[in-house]
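K.L.:
Just the structure for this:
(one chain, ligands or ions: 1)
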Amino acid sequence: MLGIHTFMPRSAIVKSPVLPYSRDAICGQASPAALTALCPLHPTLSVIKPIAMSSAVNNPAHAWFPNARYGLFLHWGPYAQYARGEQVLIREMLDQRAYAARACAWNPQKFDATAWARAAVAGGCRYAVFTTRHHDGYCLWDTATTDYSSAKQAPQRDFVREYVDAFRAAGLRVGLYYSWNDLRIPALYAGPERDPLGWAAMRDYVHAQVEELLTRYGPIDMFWFDGAWPRHALDWDSPGLVARMRELQPGMMINNRLAEMPGEKIHDPTQLASPDEHGVHEVDDRGDFGTPEHHITASASRLWESCQVTTWRLWSHTTGDRWRAADQWLDMLTDASCKGGNLLLNVGPTADGELPPEWLARNREVGEWLRVHGEAVYGGDLTPCDVFESTLLGGRQVRRGNTLYVLCRFWHGGEAIRLAGLDADITRATLLGSDAALTASHDAYGVTLHGAPATPPTALFPVLKLECAAEPRALATYHPGLWGGDPFRLHAWAAARGHGFNA
Ligand code: GLC
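P.N.:
Okay, here's the model as predicted:
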């Protein structure tokens with residue numbers, strides 16, 4: 001049935017047995033009163049309010065996530081044939097039937113999930129998120145809910161199974177991206193008020209698909225919702241669906257794109273046109289982690305993961321978008337990791353299933369850097385810190401216990417590296433990936449490292465590793481940063497020359 005979708009009633013979907021389910025584990029610290037205040041109509045809202053504001057990891061099963069730091073986002077589907085982004089259907093308002101016909105004929109010959117997984121590992125990624133269904137509604141798994149899928153149409157393959165099996169076998173955590181919306185369906189736009197039956201079928205269709213994804217492929221580490229627009233959380237019954245998902249996969253992480261509550265204004269559609277677009281549905285208080293999109297903004301109270309493109313703007317394979325350089329990838333990764341968050345960095349494989357050569361080259365560079373410098377990036381035990389003036393190094397600082405890492409984005413090539421404002425008893429100073437023996441000398445205003453090579457050991461970001469006898473701190477002259485605080489603390493430094501205007 002070319003291009004025709006069929007809805008199956010929810011009851012027709014085989015359910016797996018209910019797994020142990022702890023309401024306490026799900027609801028975290030949110031008080032019933034606070035939940036009722038937020039939504040008196042819907043008591044199960046608590047299932048999408050699991051975040052305690054005091055601690056980043058609320059569920060020990062999620063500890064892998066801050067340790068992993070770096071994930072691969074894979075946007076792939078029949079839209080890759082257009083090479084103009086994953087939203088080409090609506091952005092160009094294409095003819096629905098022509099799009100569906102082309103989607104059904106899509107038959108990638110070069111998709112090799114094992115090769116993708118190998119590339120992810122080579123690039124230093126520790127997990128991945130794969131588009132099981134994007135806004136165009138085409139399913140990349142063998143679903144019983146529709147024939148609009150890779151299993152029923154030309155490929156006759158379950159791409160989700162291939163992905164999950166290959167990535168898991170490669171030792172990677174597996175995540176599934178799923179779009180709430182399916183832009184083909186008129187009821188999405190009519191909503192429950194104008195089309196109650198159509199809407200109920202749409203909602204049940206979504207719930208049934210999510211249930212399939214969570215019952216057919218073994219343990220899933222992460223579920224990555226997107227695109228709840230234009231409907232709100234109660235239309236989708238996202239609280240009910242999340243409760244069911246927690247039953248099916250208790251350890252799985254769920255992102256925060258769980259739709260607005262009625263009356264909430266989280267998603268501003270006008271932002272979609274803005275060049276510095278902030279992502280949609282960045283809800284701070286639900287789901288297991290935040291998803292800042294196209295920007296890297298730390299959250300002090302919860303796990304978070306910035307999602308970014310490796311080109312300039314679009315997510316799926318595109319001709320004509322521009323590639324970011326490897327140092328820009330690393331800039332994003334180290335910005336996120338040094339702020340205590342994750343980076344989910346995207347690639348859009350070609351319509352035929354290949355990873356673009358531009359992406360492979362940069363991926364290799366970053367992966368090689370991570371093999372040598374990964375100890376300064378991976379690990380939930382790395383703590384953001386700011387204990388010296390590192391602007392001239394383009395430096396990012398992060399600490400593990402008493403060890404301070406300085407990730408230098410600029411390398412001036414001088415023998416001496418000045419770390420003004422640092423108060424640290426350095427027992428060992430090394431430059432990762434080099435055998436340069438660095439020595440440290442101290443004065444009233446900081447530390448100077450000697451013995452730095454003119455040529456750094458990496459074309460990307462050299463990393464100084466400073467092992468200290470105690471936790472490295474900022475001298476009073478630096479704290480709280482050079483240009484803040486009481487200016488008089490810098491007076492003695494200036495007065496050392498005298499008070500006159502002559503040399
Ligand atoms: C936005 C886009 C969507 C993309 C997603 C990735 O929500 O609408 O196409 O998949 O960002 O975060």
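K.L.:
Now do Cys338: how many residues are near it, please.
P.N.:
Close neighbours of Cys338, defined as other C-beta atoms under 10 Å, add up to 24. (Each C-beta comes from the backbone N, C-alpha and C, glycine too.)
K.L.:
Can you give me every residue that contacts it?
P.N.:
When the contact criterion is C-beta atoms under 8 Å, 6 or more residues apart in numbering, the partners of Cys338 are Leu382, Pro384, Arg396, Gln397, Val398, Leu407.
K.L.:
tell me the two of these that are most distant?
P.N.:
Of all pairs drawn from the contacts of Cys338, the widest gap by C-beta to C-beta lies between Pro384 and Leu407 and measures 12.0 Å.
K.L.:
can you list residues touching both of these two?
P.N.:
Both Pro384 and Leu407 are in contact with Cys338, Gln397, Val398, where contact means C-beta under 8 Å, 6+ apart.
K.L.:
got CSV for those residues, with pLDDT too?
P.N.:
As requested, these are exported to CSV (pLDDT from 0 to 100):
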residue, pLDDT
Cys338, 97
Gln397, 98
Val398, 98
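K.L.:
any weak-confidence spans in the stretch 251-400 of the chain?
P.N.:
Judged by pLDDT under 70, the stretch 251-400 of the chain has its weakly predicted residues at 266-285.
K.L.:
need the strands for it, in chain order.
P.N.:
Read by DSSP state E, counting those that start in this stretch, the stretch 251-400 of the chain holds these strands, from start to end of the chain: 253-254, 289-290, 303-308, 342-347, 383-384, 396-400.
K.L.:
For the ligand, find the nearest of those strands.
P.N.:
strand 303-308 (4.6 Å; C-beta to the nearest ligand atom).
K.L.:
Say whether the ligand is contacted by the closest one.
P.N.:
Yes: Strand 303-308 lies within reach of the ligand by C-beta under 6 Å from any ligand atom, at Cys307.
K.L.:
what's next to that strand, contact-wise?
P.N.:
Contacts with strand 303-308, where a contact means C-beta under 8 Å, 6+ apart, come from 56-57, 62, 65-66, 71, 73, 253, 255, 279, 288-298, 332, 336, 341-346.
K.L.:
repeat that with 7 Å
P.N.:
56-57, 62, 65-66, 73, 288-296, 298, 332, 336, 341-346 (C-beta atoms under 7 Å, 6 or more residues apart in numbering).
K.L.:
mind exporting it as CSV, just the C-alpha atoms?
P.N.:
Backbone C-alpha positions of strand 303-308 (Å, rounded to 0.1, in the frame of the first residue of the first chain) are rendered in CSV as follows:
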residue,chain,number,x,y,z
LEU,A,303,21.9,16.7,34.0
TRP,A,304,22.0,18.3,30.7
GLU,A,305,23.2,17.7,27.1
SER,A,306,23.7,20.3,24.5
CYS,A,307,22.8,19.1,21.0
GLN,A,308,24.8,20.6,18.1
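K.L.:
rewinding a little: export the strands of the stretch 251-400 of the chain to CSV and append columns for mean neighbour count.
P.N.:
Putting the strands of the stretch 251-400 of the chain into CSV (neighbours: other C-beta atoms under 10 Å) gives the following:
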stretch, mean neighbour count
strand 253-254, 23
strand 289-290, 24
strand 303-308, 26
strand 342-347, 24
strand 383-384, 14
strand 396-400, 21
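K.L.:
Show me what counts as buried in the helix ranked longest in the chain.
P.N.:
Among all segments of the chain classified by DSSP state H, the helix with the greatest residue count is helix 196-215. Under the neighbour-count criterion of 16 or more other C-beta atoms under 10 Å, helix 196-215 has 198-199, 201-215 buried.
K.L.:
Output the below-cut-off pLDDT ranges for the stretch 401-503 of the chain.
P.N.:
Across the stretch 401-503 of the chain, nothing is flagged by pLDDT under 70.
K.L.:
What parts of the protein come near the ligand?
P.N.:
Counting by C-beta under 6 Å from any ligand atom, the residues of the chain close to the ligand are His75, Glu86, Gln87, Asp226, Gly227, Gly279, Val280, Glu293, Cys307, Trp315.
K.L.:
Quickly list the domain ranges of this structure.
P.N.:
The chain breaks down into these domains under automatic domain parsing: 19-262+274-376, 385-494.
K.L.:
just these: most buried one?
P.N.:
With neighbours defined by mean count of other C-beta atoms under 10 Å, none of the domains of the chain is more surrounded on average than domain 19-262+274-376, at a mean of 19.
K.L.:
Between the strands of the stretch 251-400 of the chain, which one is closest to Arg364.
P.N.:
strand 342-347 (12.8 Å).
K.L.:
Return the list of helices and strands in contact with the closest one.
P.N.:
When contacts are defined as 3 or more C-beta pairs under 7 Å, 6 or more residues apart in numbering; DSSP states H and E, strand 342-347 sits against strand 70-74, strand 303-308, helix 326-338.
K.L.:
Swap in 8 Å and give it another go.
P.N.:
Using 3 or more C-beta pairs under 8 Å, 6 or more residues apart in numbering; DSSP states H and E as the contact criterion, the secondary-structure elements in contact with strand 342-347 are helix 64-68, strand 70-74, strand 303-308, helix 326-338.
K.L.:
residue boundaries of the helices in this protein?
P.N.:
Per DSSP H, the chain has helices spanning 23-27, 32-38, 64-68, 88-91, 96-105, 113-122, 159-169, 186-194, 196-215, 233-236, 238-248, 326-338, 357-373, 491-495. These are given in chain order.
K.L.:
Relative to Met222, which of those is closest?
P.N.:
Met222 lies closest to helix 64-68 among those, at 7.7 Å (C-beta to C-beta).
K.L.:
Determine how far that closest one lies from the middle of the whole chain.
P.N.:
11 Å (C-alpha atoms, centre = their mean, to the nearest Å).
K.L.:
shouldn't Ser441 be in contact with His450?
P.N.:
Yes: with contacts defined as C-beta atoms under 8 Å, Ser441 counts as touching His450 at a distance of 6.8 Å.
K.L.:
ok so, going back, mind putting the helices of the chain into JSON lines with distance to Thr430?
P.N.:
Formatted as JSON lines, those follow (distance: least, C-beta to C-beta, whole Å):
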{"stretch": "helix 23-27", "distance to Thr430": "42"}
{"stretch": "helix 32-38", "distance to Thr430": "49"}
{"stretch": "helix 64-68", "distance to Thr430": "23"}
{"stretch": "helix 88-91", "distance to Thr430": "50"}
{"stretch": "helix 96-105", "distance to Thr430": "54"}
{"stretch": "helix 113-122", "distance to Thr430": "25"}
{"stretch": "helix 159-169", "distance to Thr430": "34"}
{"stretch": "helix 186-194", "distance to Thr430": "57"}
{"stretch": "helix 196-215", "distance to Thr430": "46"}
{"stretch": "helix 233-236", "distance to Thr430": "51"}
{"stretch": "helix 238-248", "distance to Thr430": "45"}
{"stretch": "helix 326-338", "distance to Thr430": "18"}
{"stretch": "helix 357-373", "distance to Thr430": "12"}
{"stretch": "helix 491-495", "distance to Thr430": "30"}
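K.L.:
Sweet, I'm off.
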